[in-house]
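Q: Quick one, structure for this:
(one chain, ligands or ions: 2)
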Amino acid sequence: MNLPAETSPSDAHLASLRSAERAAGATAGTTKTNLLDLDRDALVAFMGSLGEKPFRARQILKWLHQRRVLDVDAMTDVSAKTRARLAEITTTDLPTVRLDQRSRDGTAKWLFELHDGNRIETVYIPESGRGTLCVSSQVGCALDCSFCSTGRQGFNRNLSVAEIIGQVWLATRLLGEADAAAGVAPGDRSAGASSRITNVVMMGMGEPLANYRALIPALRLMLDDLGYGLSKRRVTVSTSGMVPWMDRLTNDIDVSLAVSLHAPTDDLRDELVPINRKYPIRELMAACQRYVDGDRKKHVMFEYVMLDGVNDSPAEARALAKLLRDFPAKVNLIPFNPFPQSGYRRSSRGRLERFAGVLESAGILTLKRTTRGDDIDAACGQLAGAIEDRSRRAEKFAEPRFGTRPVIAIQPDTRERPVPAPAIRGVR
Ligand code: SAH
Ligand code: SF4
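A: Residues are numbered from 1 along each chain as shown. Ligands and ions are numbered 1, 2, ... in the order given. Alright, predicted model coming up:
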């Protein structure tokens, strides 16, 4: 089991147990528990509340996520009595597939509809030797980064655990079906043969750390060897810099971290990534330091979207190199993906190369991401789903871009957390 080794249960662990207890309690009333909302510990607690032993939870986890069987009645190694009880009090609801698009370059993009009619997008990017699934965490995003199409659409709600892990479930199923149709045998791992998910990046729609409560159980299911069995280095949480929740992540689960930096100075970052006004670069870098502390194998991937004439000059490259000096950093230079009325242009290849050159000569490992899935709008920042914006952001976009916008008072959804927050190192 890939859960973090802990002698006492972590905050998120306790929260998932309590939520299982609540879920079990709820079944006595009207609401059924969605089994896909439960990570291993939560499922053990849930089954325990029905008088069942932990091994039952492990069997069910395998049925759900490895065999992708949703009908509890088909879980033949579970007793008939327990199956009948589960059929009565639980569901295994998933989003429905509204659109399945495949790009010329093999990239796939799916539009999934949620039970309330909201829609989210998930993208699969095949590369030699690996397949990366880009997963959404929210319907829209409240953080309002100026160059991001999702942010521009405003915010509607957080996804549940089942809606997050459901994207992995559905993508695995849909890719498997496509392989079968192409005559690729299940389990065939020969070069380029199968569309296998080897990596997950939380880089779809939304800010994952603003949906912390659902994020952690979903990540645990991705890592769990009875779930998707992904390596901790191949599951990446990308954040725009929600510093206190970065610390909680560091404490709660061991996964890779990407930080959407996009500017080397606070002045510029305040404009591009408004959460910077609340958690400026100095605090962000301190949280990154706490993430890598004590583990020499760890690094942080800094994402940097290349905006022509905005953040892509050699002076900015030098400032970035200085900021990241002595830090175990990789930098990923992302070509800006345009969308209507973004107000930005993609940096030329020449400017990107010059920028990369400055970083490389300062000894910083620099990746130059190529854009994938352009023809189906599947590239980063082009994901917008179909959002009924509760923040009315879209209306506000008549306002000038670089006016003085108020500091965002966004707080992640922790309302239903039943246990007090842990002491977080370095957070005031
Ligand atoms: N909210 C998280 C994860 C989702 S965004 C975050 O901000 O990190 C995933 C990545 O896409 C981020 O690095 C984001 O800055 C980048 N991105 C957003 N809009 C983009 C655009 N139009 N072109 C290129 N990258 C973009
Ligand atoms: Fe939200 Fe990330 Fe887009 Fe910023 S870049 S608005 S944090 S999804």
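Q: what's the neighbour count on residue 31?
A: The tally of other residues near residue 31 (other CB atoms under 10 Å) stands at 13. Any C-beta I mention is one placed from the backbone N, CA and C, and that applies to glycine too.
Q: Tell me how far it lies from residue 104.
A: Distance of residue 31 to residue 104, computed by CB to CB, to the nearest Å: 44 Å.
Q: Helix or strand: which one has whichever residue of the chain sits closest to ligand 2?
A: For the chain, the residue closest to ligand 2 is residue 151, as judged by CB to the nearest ligand atom, at 2.6 Å. Residue 151 is part of helix 149-153 when elements are defined by DSSP states H and E.
Q: picking up where we left off before, thinking the residue of the chain closest to ligand 2 is in contact with residue 206, fair?
A: No. The pair residue 151 / residue 206 is not scored as a contact, 9.6 Å apart, by CB atoms under 8 Å.
Q: Point out the residues in the stretch 251-400 of the chain that sit beside ligand 2.
A: residue 260 (CB under 6 Å from any ligand atom).
Q: do that again at 5 Å, thanks
A: Residues of the stretch 251-400 of the chain found near ligand 2, taking CB under 5 Å from any ligand atom as the criterion, are absent altogether.
Q: one step back: what helices or strands is the helix holding residue 151 leaning on?
A: Where contact means 3 or more CB pairs under 8 Å, 6 or more residues apart in numbering; DSSP states H and E, helix 149-153 is packed against strand 138-140, helix 393-396.
Q: list residues touching both of residue 151 and residue 206?
A: Between them, residue 151 and residue 206 share the neighbouring residues 140, 141, with contact defined by CB atoms under 8 Å, 6 or more residues apart in numbering.
Q: and the two? which has more neighbours close in?
A: The residue with more neighbours, out of residue 151 and residue 206 and counting by other CB under 10 Å, is residue 206; that gives 30 against 24.
Q: wait, doesn't that one sit right on residue 140?
A: Yes. Here residue 206 reaches residue 140: they are 6.9 Å apart, a contact under CB under 8 Å.
Q: Give me the common contacts of those two.
A: If you check residue 206 and residue 140 against CB under 8 Å, 6+ apart, the residues they both contact are residue 150.
Q: Restrict the helix or strand hosting residue 331 to CA atoms and write it as CSV.
A: In this assignment (DSSP H and E), residue 331 forms part of strand 329-335. Taking C-alpha atoms only, strand 329-335 is exported to CSV below (Å, rounded to 0.1, in the frame of the first residue of the first chain):
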residue,chain,number,x,y,z
ALA,A,329,14.4,23.5,-9.5
LYS,A,330,13.4,22.5,-13.0
VAL,A,331,11.8,25.1,-15.2
ASN,A,332,9.1,24.3,-17.7
LEU,A,333,8.7,27.0,-20.3
ILE,A,334,5.2,26.7,-21.7
PRO,A,335,4.2,28.4,-25.0
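Q: Centre of the chain to it, how far?
A: From the chain centre to the centre of strand 329-335 is a distance of 18 Å (CA atoms, centre = their mean, to the nearest Å).
Q: what pLDDT, on average, does it get?
A: For strand 329-335, the mean per-residue pLDDT is 97.
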